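Chemist: predicted model and sequence below, questions to follow.
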Protein chains: 2
Amino acid sequence: MKTHEKKLYQFKAAVIAAAGHPIRLAIIDFLKDGEQCVCDIAKHVEAQRSNVSRHLGVLLKAGIVEYRKEGLKVMYCLKTPCVLDLANCVVNVLRKQARETSTLLKRL
Amino acid sequence: MKTHEKKLYQFKAAVIAAAGHPIRLAIIDFLKDGEQCVCDIAKHVEAQRSNVSRHLGVLLKAGIVEYRKEGLKVMYCLKTPCVLDLANCVVNVLRKQARETSTLLKRL
DNA sequence: TAACTTTGTGAGCATATAGTAATATAGATA
DNA sequence: TATCTATATTACTATATGCTCACAAAGTTA
């Protein structure tokens, strides 16, 4: 593996890792229809505002979301809507898991 | 958010998190052309075998890879090749980042 | 059987991550 | 100005993750 290949895997992994948390995944999903303030995001994902603020920081650092200030509020939105595809890719893995489990259970 | 929605985000996040590590991403990429033994995987990603073994355990638990034993060797392969799409989804995020950085640097 | 190869795992350490409570900051409003 | 609201940040704790070394297990070969 060449050095630049390794670097590229690091960059990709950083973005994927940022998406790999249930709350952050819920946030990404919530933002699919447009921008939302931290306040409403926190309500929707049912987590503390300070915690949501942290998770938004992670998504921001990874380049997944961006924000603009509007008065008191800070509005966040998806920077590249294609991150929504991430969750879709994973569904196939979950489906395969489910099929296996159900096959296994039938043999009980 | 309903309880089953939360559960689903947890399941999805578990799979995404499993993919969100540079070495594991390199392993997934290396397996795209077919099964490989731990030994060769370790050589390719340039990491210690015990470490690679651990990473393979993570991918296995997440349902991303599966294995079969062949003599001394254990051959791993992708269980659902669609995980390869994960890395592709992320490329757009990285491209956006790159464009921004270069725009910024032009103003120096 | 003894030595070797391949893989997995336990122990231990360093670091990263997630969450909470309290505080700081910035803007809006009375 | 004083107060309220929305958000970010600091400090802290608990837990998870990544890595390495050493060793164990299983199969191969001499």
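Modeler: Received it, and whenever you're ready, just let me know what you need. Numbers count the residues shown, from 1 in each chain, chains lettered A, B, ... in the order given.

Chemist: please name the bridge partners of the closest residue to A:Leu31 other than its chain neighbours.
Modeler: Computed as C-beta to C-beta, 6 or more residues apart in numbering or on different chains, the closest residue to A:Leu31 that is not its neighbour in sequence is A:Leu78, at 4.9 Å. C-beta here means a position set from N, CA and C on the backbone, and glycine is covered the same way. For A:Leu78, the beta-bridge partners are A:Val65 (DSSP bridges).

Chemist: residues touching A:Leu78, list them.
Modeler: A:Ile28, A:Leu31, A:Lys32, A:Ile64, A:Val65, A:Leu84 (C-beta atoms under 8 Å, 6 or more residues apart in numbering or on different chains).

Chemist: report the secondary structure state of the first one.
Modeler: For A:Ile28, the secondary structure call by DSSP: H, G, I helix; E, B strand; the rest coil comes out as helix.

Chemist: I figured it hits A:Ile64, correct?
Modeler: Yes. The criterion here is C-beta atoms under 8 Å, and A:Ile28 meets it with A:Ile64 at 6.8 Å.

Chemist: higher neighbour count, these two?
Modeler: Looking at A:Ile28 and A:Ile64 with other C-beta atoms under 10 Å in any protein chain shown, you find the greater number of neighbours at A:Ile64, namely 25 against 22.

Chemist: mind listing the helices for chain A?
Modeler: A:3-19, A:22-30, A:38-45, A:49-61, A:84-106 (DSSP state H).

Chemist: what about stretch A:60-77, start to end distance?
Modeler: End-to-end span of stretch A:60-77 (C-alpha to C-alpha, to the nearest Å): 10 Å.

Chemist: which residues are in contact with it?
Modeler: With C-beta under 8 Å, 6+ apart, stretch A:60-77 has contacts from A:14-15, A:17-19, A:27-28, A:31, A:34-39, A:41, A:56, A:59, A:78-80, A:83, B:93-94, B:96-97.

Chemist: of those, which ones also sit close to DNA strand D?
Modeler: Among the contacts of stretch A:60-77, proximity to DNA strand D is found for A:Cys37, A:Val38, A:Cys39, A:Leu56 (C-beta under 7 Å from any atom of the strand).
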